[in-house]
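Peer 1: how would this look folded up:
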Amino acid sequence: MADAGNFRPQVLLIDLENCPNQLKQLQQNLDNFKQIVICYAQSTAKIPLDWLTSLNQAINNDKLKLIKMPSSGKNAADFGICFFAGTLMAKLSEDTHFVIISNDTDLDHVVELLISQDRTAERVGYKPKKEQAESSELLASKLTEYCVILENRPKGRPAKKETLLNSIKSTLQIEMEVAKSVFDNLLAQNIVILSGTKITYDNQKIQAIAAQ
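Peer 2: Okay, here's the model as predicted:
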């Protein structure tokens with residue numbers, strides 16, 4: 001997130017459906033953000049009774065909005081975030097920074113639209129530690145699997161970034177988001193070298209990873 005110490009006004013939009021633990025930071029966030037909007041369709045999240053007075057004051061001062069969507073359909077909370085991001089963009093000063101808390105990558109489109117309107121914005125995702133560990137294990141497994149594929153296809157390797165990404169996605173049968181993570185790890189470990197849009201490969205590192 002942007003540094004709260006730079007005195008830029010910040011807006012926080014929370015997708016409570018997939019980031020319910022964000023409520024634990026609500027009191028702290030009220031000190032750091034000009035306005036907070038929490039969107040949800042169905043939620044069993046709870047708050048301490050000691051918070052009721054301060055949260056009620058924040059609501060009365062229009063600093064905190066709790067938006068329950070009228071329907072509980074798929075992505076209902078996402079549409080709420082989209083709506084209020086646009087509303088707040090029109091209402092607040094141009095230097096306002098938008099932070100969207102959600103694990104839903106579809107909301108990256110909202111971030112891109114805000115940026116296209118000369119605003120600054122970011123999406124921040126959170127995963128439980130157990131899920132993070134499982135995700136890391138999956139990524140390591142897919143990285144090894146793709147290095148085995150590269151080792152077996154020395155003459156049929158993708159030569160450009162886009163074709164490599166598509167190859168990772170289709171060959172490993174994974175989502176593009178995971179494919180990008182595999183690609184980033186290939187770059188980070190210098191297994192592949194990106195020059196412009198062209199790709200070259202380090203055969204020794206491919207063989208070493210494939211042998212794991």
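
Peer 1: mind listing the strands for this protein?
Peer 2: Ranges of strands in the chain, per DSSP state E, are 10-15, 35-40, 64-68, 97-101, 120-124, 192-195, 198-201.

Peer 1: which regions of the chain sit below the pLDDT cut-off?
Peer 2: Applying pLDDT under 70 to the chain flags the ranges 1-7, 127-135.

Peer 1: Can you tell me the centre-most residue of it?
Peer 2: Centrality entry for the chain: nearest residue to the mean C-alpha point is residue 125, 4.2 Å, by CA atoms, centre = their mean.

Peer 1: for it, what are its contacts?
Peer 2: By CB atoms under 8 Å, 6 or more residues apart in numbering, the contact set of residue 125 is 19, 101, 102, 103, 105. All C-beta atoms are positioned from the backbone trio N, CA, C, and that covers glycine.

Peer 1: rerun at 6 Å
Peer 2: residue 103 (CB atoms under 6 Å, 6 or more residues apart in numbering).

Peer 1: Need the phi and psi values for it.
Peer 2: phi -110, psi 150 (degrees, to the nearest 10).

Peer 1: Quick check: it vs residue 180, distance?
Peer 2: Noted for residue 125: a distance of 14 Å to residue 180, by CB to CB, to the nearest Å.

Peer 1: How is this protein divided into domains?
Peer 2: With domains defined by automatic domain parsing, the chain comprises 4-124, 132-210.

Peer 1: Might you report the residue contacts of the nearest residue to residue 17 once chain neighbours are set aside?
Peer 2: With CB to CB, 6 or more residues apart in numbering as the criterion, residue 17 has its nearest non-adjacent residue at 4.6 Å, and that residue is residue 77. Residues in contact with residue 77 (CB under 6 Å, 6+ apart) are 15, 17, 39, 40, 41.
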